[in-house]
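**Student:** everything below, folded, please.
(chains A and B)
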Number of protein chains: 2
Amino acid sequence: MKTSTCPSSLYLLFFFTIFFDSFTASRFNIPRLSPIKGAILQEPELLSSERNISGDYEDLFYNQTLDHFNYRPESYSSFQQRYVISSKYWGGSNSSSPIFAYLGAEAPLDNDVLSIGFLPDNAVRFKALLVYIEHRYYGKSIPFGSRKEAFKNTSTLGYFNSAQAIADYAEILMYVKKQYHAEDSPVIVVGGSYGGMLASWFRLKYPHVALGALASSAPILYFDDITPQDGYYSIVTKDFREASETCYQTIRDSWSEIDKVASQPDGLSILSKKFKTCFPLKMASELKGYLLELYSAAAQYNQPLRYPVNVICGGIDGEASGSDILSKIVAGVAAYEGDHKFCYFSPKNESETAVGWSWQGCSEMVQPIGIVNNTMFPHDPFNQTLFNSHCNTLYGVPPRPHWVTTYYGGHNIKLILRRFGSNIIFSNGLKDPYSSGGVLENISDSVVAVNTVNGSHCLDILGKNYGDPDWLVKQRETEVGIIEGWITKYYADLKELKIYGNRNL
Amino acid sequence: MKTSTCPSSLYLLFFFTIFFDSFTASRFNIPRLSPIKGAILQEPELLSSERNISGDYEDLFYNQTLDHFNYRPESYSSFQQRYVISSKYWGGSNSSSPIFAYLGAEAPLDNDVLSIGFLPDNAVRFKALLVYIEHRYYGKSIPFGSRKEAFKNTSTLGYFNSAQAIADYAEILMYVKKQYHAEDSPVIVVGGSYGGMLASWFRLKYPHVALGALASSAPILYFDDITPQDGYYSIVTKDFREASETCYQTIRDSWSEIDKVASQPDGLSILSKKFKTCFPLKMASELKGYLLELYSAAAQYNQPLRYPVNVICGGIDGEASGSDILSKIVAGVAAYEGDHKFCYFSPKNESETAVGWSWQGCSEMVQPIGIVNNTMFPHDPFNQTLFNSHCNTLYGVPPRPHWVTTYYGGHNIKLILRRFGSNIIFSNGLKDPYSSGGVLENISDSVVAVNTVNGSHCLDILGKNYGDPDWLVKQRETEVGIIEGWITKYYADLKELKIYGNRNL
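**Tutor:** From the prediction side, this is the model:
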């Protein structure tokens, strides 16, 4: 069984952005990475046996408020929100044993229970209750009775956003604590990528619900021009260049080659054949888009055991030295995708993640990612005006590109959080292109960064594998140690206040 | 000119609650204290001259988003929100001089500029930019074009709540900082009563906008049964008992006397004459409601220079010793209201505050205040079920009594905030009945309580008077010293990070 993983679909947004002014409408049909992609290398035989506890999970639903923030008649509508609990290893309420809560992101919850191994892998050690909560508008947590109704227009879609989602999580976690008489149990929230942003924001907005957060690969600074727009592609480029200087040069030089061939008579047909595309190319930008997606995915999910960046560069550099540039690129694709494939770049169905994240990116999760300079990709700056107009056309409402920094902050984060807030781990792998928008330095004693030089996207919260490199094992150990420290302090505080406290303070 | 003051209208809510099961529908027409009431003793000739800077205020409007938390077509509507700025004493952006922001509460902003003296009184010392922001749905900050439309039904009223209000404040303060190139200026938010709750919550939810908060007389723990329901009336009782044991006993014994007379033939007419009511009483509970309101207002606004609790008790105890109980009560009323008055308990027009707070109390600001025991008042417990049904009848939607503690927290606040958050002053006068729901103990080094044993509601944020007692002068000095400490630390941080910081962190 192939398990899902840390959401890969933040990755999607840049497709809506990066190609905006160079591609035509068809760019919005570009096949996207599914959440499976990221974990495709994690074969079941490599899973540690501790994690096979799926029989102990309860699948539950909570009657969730549609609109936490208003009191209009419609606000009181509710929907069934899915959450999953395992109490197998929980130490119980008498010992105030902790609760580990995975905050669902832009995907159905189904695969998270097994793939987010950080929770089950540490359940025994912490005697933790495990809770996984699905994000509204994904999976089985759909308001308005059906996906069709929920996604019909912005009147129904409009409730689909991060502030409502973390309020959902607050309600469910408070309810679970009550149900399990676990009012004193510390809650640690865990999330990756978009879910990692949610985890860090949840600790900041709901400190009375979560004691701490593990925010894996959370690019919370990739908003509102805090991070330079070419942060993402600079790292993709760096990853390839570090793998191989010649590989990097070949890719860098390939774009004009593609244009040159495409401009010849019958050029698109030549390219289609050469690249074995599953359908005839209608323009050069389609091919360029696929390749950019492929290189980016390889860099973002540059997982140990395989290191796809090396695989691609191995293909490119392995081609006979006299070969032309495009033959080298084709060899790289074949090495990555497998040369047994009948064709490459097959169109995929729109996944739930793609559909949902398209809305989220067009409403509030506006991450201005572009290509300006210092990359191996063609110049393609982010254009907020065009992006706004694209979103307006798609949904009839404009994005609010400043809302994330208004509500959650982000600017001057070291100044703001060095004396405010506590207990957040921002973990990043520095080979992950999204680490460019992450928090990479310690901010205070307990708002800390845990980086790995060789890591990619969200590796730390995936399940342990016997083949994990030492640096990944160590990263996880560091994180677990930090969380243990929070909990120890919390128990000391709890004891002191239970004895000396008065009223219900 | 009589200036307004710290909002008195938290006080209103208990009228909706306390009388619910003993009074009939008419109780909802009980005249309420206007915001003027609290400051009625603050005569203009006593104002310190420093505060006469009204000519330097700019009256401005901000194009505010109706619904920050959703992306429905209606969410994008906007309204004009009023704010007032004085830059006369501001040190400017080069020196990153601070911004003091008064967060408007359940009243029009008009009177706040002069009555909330804490801001102008400290403008020179801090070289502060002063900003006053009106709360949505009050004063001139009305969505939907008119009060009539805005209050028509819950479809329009539903956007009227605290989460939207503090998001409004965040937007305006970020806008003001930008306009004044004051991105590095620390913002200190100030509020009293409900506005004090908003100030403390604002610091917790928007630490990237406000460096610190002065939350005066903010009963943030009077929600969701954190505070015992009879906290409020226990303190009213204590205030009277401390003023005079005989006064307390007289009041305690008066309720059954009122009932006894009322049950006689023509009893209500006798009571109407005896109490010189401005209209014939229709039931005994009307009179009891008025008296309870009067005692409570005296205790809540037990201001120095007059001490209304002493005034009432002076009247009661001063009546000839042979007098009957009710004559003593009448003498207390006359002493408080002035015996020149033609009649007492005149019906008042519904103020904006009363109308607005009625909605707020019935939607989210559900403070369960009741009379259970240990008070001088008749037993009248808070009944959530009846309250819900009353609100449902009034507005067609039920209250969400747990939302405040879900969104803002409150339970176990010492445990939660001792290692999270910073820079909040909770100030209380312990004679204020609402102090029963306040934070009265230091929680951490910088989340602190500043109490006065003899203080009442919000005295600290009113303007300095030459006749202020020493303890009040000292309370304000303590607060100013604490705020100065926050700002000094902030400047040190700013300097350090500007020099050593990289990226836009």
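**Student:** please make it C-alpha for all contacts and neighbour counts, starting now.
**Tutor:** Fine.
**Student:** wait, a strand at A:Ile85?
**Tutor:** Yes - under DSSP: H, G, I helix; E, B strand; the rest coil, A:Ile85 falls within a strand.
**Student:** what number of residues lie near the nearest residue to it once chain neighbours are set aside?
**Tutor:** Excluding its sequence neighbours, the residue lying closest to A:Ile85 (Cα to Cα, 6 or more residues apart in numbering or on different chains) is A:Val131, at 4.6 Å. Per other Cα atoms under 10 Å in any protein chain shown, the neighbour tally for A:Val131 reads 24.
**Student:** same check, this time on A:Ala210
**Tutor:** So A:Ala210, with other Cα under 10 Å, has 25 neighbours.
**Student:** how about A:Lys148?
**Tutor:** Neighbours of A:Lys148 using other Cα under 10 Å come to 10.
**Student:** isn't there a strand covering the residue nearest to A:Ile85?
**Tutor:** Yes - under the criterion used here (three-state DSSP), A:Val131 sits inside a strand.
**Student:** what sits against it?
**Tutor:** Contacts for A:Val131 were tallied using Cα atoms under 8 Å, 6 or more residues apart in numbering or on different chains; they are A:83-86, A:99-102.
**Student:** now stretch A:359-378: average pLDDT?
**Tutor:** Confidence for stretch A:359-378, expressed as mean pLDDT, is 93.
**Student:** kindly report the same for stretch A:141-156.
**Tutor:** 97.
**Student:** cool, stretch A:464-473 as well?
**Tutor:** 94.
**Student:** now swap in stretch A:284-304 and tell me
**Tutor:** Mean predicted confidence for stretch A:284-304 is 94.
**Student:** just to revisit the earlier point, bridged to the residue nearest to A:Ile85, which residues?
**Tutor:** Beta-bridge partners recorded for A:Val131 (DSSP bridges): A:Ile85, A:Ala101.
**Student:** now swap in A:Gln64 and tell me
**Tutor:** Counting by DSSP bridges, A:Gln64 forms beta bridges with A:Phe79.
**Student:** would you confirm that it contacts A:Arg82?
**Tutor:** No - counting by Cα atoms under 8 Å, A:Gln64 stays clear of A:Arg82, with 9.5 Å between them.
**Student:** now do A:Asn423 against chain B, distance only.
**Tutor:** 8 Å (Cα to the nearest Cα, to the nearest Å).
**Student:** can you give me the pLDDT of that residue?
**Tutor:** On the pLDDT scale, A:Asn423 gets 98.
**Student:** any idea which helix or strand in chain A has the lowest mean pLDDT?
**Tutor:** Of the helices and strands making up chain A, the lowest-confidence element is helix A:10-18, at a mean of 39, by mean pLDDT, DSSP states H and E.
**Student:** on contacts alone, who are the packing partners of the helix or strand that contains A:Val480?
**Tutor:** A:Val480 belongs to helix A:470-500 when assigned by DSSP states H and E. Packing partners of helix A:470-500 (3 or more Cα pairs under 8 Å, 6 or more residues apart in numbering or on different chains; DSSP states H and E): strand A:212-216, strand A:447-452, helix B:413-417.
**Student:** so which bits of that helix are buried?
**Tutor:** A:472, A:475-476, A:479-480, A:482-483, A:486-487, A:490-491, A:493-494 (16 or more other Cα atoms under 10 Å in any protein chain shown).
**Student:** would you turn those into JSON lines with distance to A:Val187?
**Tutor:** Formatted as JSON lines, the buried residues of helix A:470-500 follow (distance: Cα to Cα, whole Å):
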{"residue": "A:Leu472", "distance to A:Val187": "24"}
{"residue": "A:Gln475", "distance to A:Val187": "21"}
{"residue": "A:Arg476", "distance to A:Val187": "18"}
{"residue": "A:Glu479", "distance to A:Val187": "15"}
{"residue": "A:Val480", "distance to A:Val187": "14"}
{"residue": "A:Ile482", "distance to A:Val187": "14"}
{"residue": "A:Ile483", "distance to A:Val187": "11"}
{"residue": "A:Trp486", "distance to A:Val187": "11"}
{"residue": "A:Ile487", "distance to A:Val187": "9"}
{"residue": "A:Tyr490", "distance to A:Val187": "11"}
{"residue": "A:Tyr491", "distance to A:Val187": "12"}
{"residue": "A:Asp493", "distance to A:Val187": "15"}
{"residue": "A:Leu494", "distance to A:Val187": "14"}
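**Student:** between those residues, which is nearest B:Val209?
**Tutor:** Nearest to B:Val209 out of these is A:Trp486 (Cα to Cα; 27.0 Å).
**Student:** per-residue confidence for the most centrally placed residue in chain A?
**Tutor:** Nearest residue to the geometric centre of chain A (Cα atoms, centre = their mean): A:Ser193, 2.8 Å. Turning to A:Ser193, the model gives it a pLDDT of 95.
**Student:** still on that earlier bit, and the helices and strands packed on helix A:470-500, which is most packed in?
**Tutor:** strand A:212-216 (a mean of 31; mean count of other Cα atoms under 10 Å in any protein chain shown).
**Student:** parallel or antiparallel, which strands does that one pair with?
**Tutor:** Partners of strand A:212-216 in its sheet, by DSSP bridges: strand A:187-192 (parallel), strand A:424-429 (parallel).
**Student:** so which bits of the stretch 251-400 of chain A are right by chain B?
**Tutor:** By Cα under 8 Å from any Cα of the partner chain, the residues of the stretch 251-400 of chain A that approach chain B are A:363, A:396-397.
**Student:** now for A:Lys288: which residues touch it?
**Tutor:** Contacts of A:Lys288 (Cα under 8 Å, 6+ apart): A:255, A:258.
**Student:** following element in sequence after the helix or strand where it lies, please.
**Tutor:** Element membership for A:Lys288 (DSSP H and E) is helix A:284-300. Using DSSP H and E, the helix or strand that follows helix A:284-300 in sequence is helix A:308-318.
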